[in-house]
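K.L.:
Predicted structure and sequence below. I'll ask about it afterward.
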Amino acid sequence: MKNVLITGANKSIGLETARQLLQQGYYVYLGSRDLQKGQQAVDQLQAEGLQQVEAIQLDVADSASVAAARVALGQKTSVLDVLINNAGISGGMPQPALTTSVDLIKQVFETNIFGVIAVTQAFIDLLQQAVEPRIVNVSTGLASLTLHQDPSWRYYNITGAAYHTSKAALNAYTVMLAQELRATPFKVNAVDPGYTATDFNHHSGPGSVPDAAARVVKAALLGPDGLTGQFFSDDNAPETGISPW
């Protein structure tokens, strides 16, 4: 049985991703900043008959929490097949480039990029023990610098000095990580789950949570011939499935 760690997995896309991977036969370590909420998510999944899941307290923006989660997971398994860096915050909107505070930008970056780096570095040794390790970084189409240069793009006028830039940085880290691991069996990719109706955006998105999670799961299940170092987005690139950076 393969193991997967999903950060920010106690609700929304993270929880649905856990559900779909459980249905695929994975053992899921459900990372949650609030352990009680994580356990409630586990109880919900187990009530659905999905038993191979347990909660791990993991606040990606807290180095002590990341270190403790690594110790806790290492006591349960010596191999991690998939890491899904799903935890993220928006910082609230709007975020004008000239007036968004540096403190807010730092807060968003702390979770959306520095947290991803911290978790990836902490768990890389367990991933290296897997036959076909996968790292999936949950991004957003709003991180595309190319599309933000196109006035005809439907989201051209939606700017975010903290959120968008943090996810663009996440995309850049994805490229660097994939390049560093290119001679190994790793597949490292960023995924745009689409504009999805969740608490994250006050349920304003048109996409469904199951569809969004399915995009993440697809990247997690890539076979040995799958692509690496890509930015998958069905919304922004319906024909190829690969968004411009």
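P.N.:
In hand now; what should we look at? Residues are numbered from 1 along each chain as shown.

K.L.:
switch to C-alpha atoms for all contacts and neighbour counts from now on
P.N.:
OK.

K.L.:
show me where the chain has strands.
P.N.:
Ranges of strands within the chain are 3-6, 27-32, 53-57, 82-85, 134-138, 187-191, 231-232, based on DSSP state E.

K.L.:
so can I have a markdown table of the ones you listed showing mean neighbour count?
P.N.:
Shown next, in a markdown table, are those (neighbours: other Cα atoms under 10 Å):
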| stretch | mean neighbour count |
| --- | --- |
| strand 3-6 | 24 |
| strand 27-32 | 26 |
| strand 53-57 | 22 |
| strand 82-85 | 27 |
| strand 134-138 | 26 |
| strand 187-191 | 28 |
| strand 231-232 | 28 |
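
K.L.:
Output those in TSV, with mean pLDDT and distance to Ala72 appended to each entry.
P.N.:
Below are the strands of the chain laid out as TSV (pLDDT from 0 to 100; distance: least, Cα to Cα, whole Å):
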stretch	mean pLDDT	distance to Ala72
strand 3-6	98	12
strand 27-32	98	11
strand 53-57	98	8
strand 82-85	99	15
strand 134-138	98	20
strand 187-191	98	24
strand 231-232	98	31
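
K.L.:
wait, which of the ones you listed is closest to Gly91?
P.N.:
strand 134-138 (16.4 Å; Cα to Cα).

K.L.:
now the angle between strand 187-191 and that closest one, please.
P.N.:
Put simply, strand 134-138 runs at 20 degrees to strand 187-191, going by axes from the mean of the first three to the mean of the last three Cα atoms, to 10 degrees.

K.L.:
Quick check: can you name the pairing partners of strand 134-138 and their directions?
P.N.:
strand 82-85 (parallel), strand 187-191 (parallel) (DSSP bridges).

K.L.:
chain center to the shortest one: distance?
P.N.:
Averaging C-alpha coordinates over strand 82-85 and over its chain gives two centres that are 7 Å apart (Cα atoms, centre = their mean, to the nearest Å).
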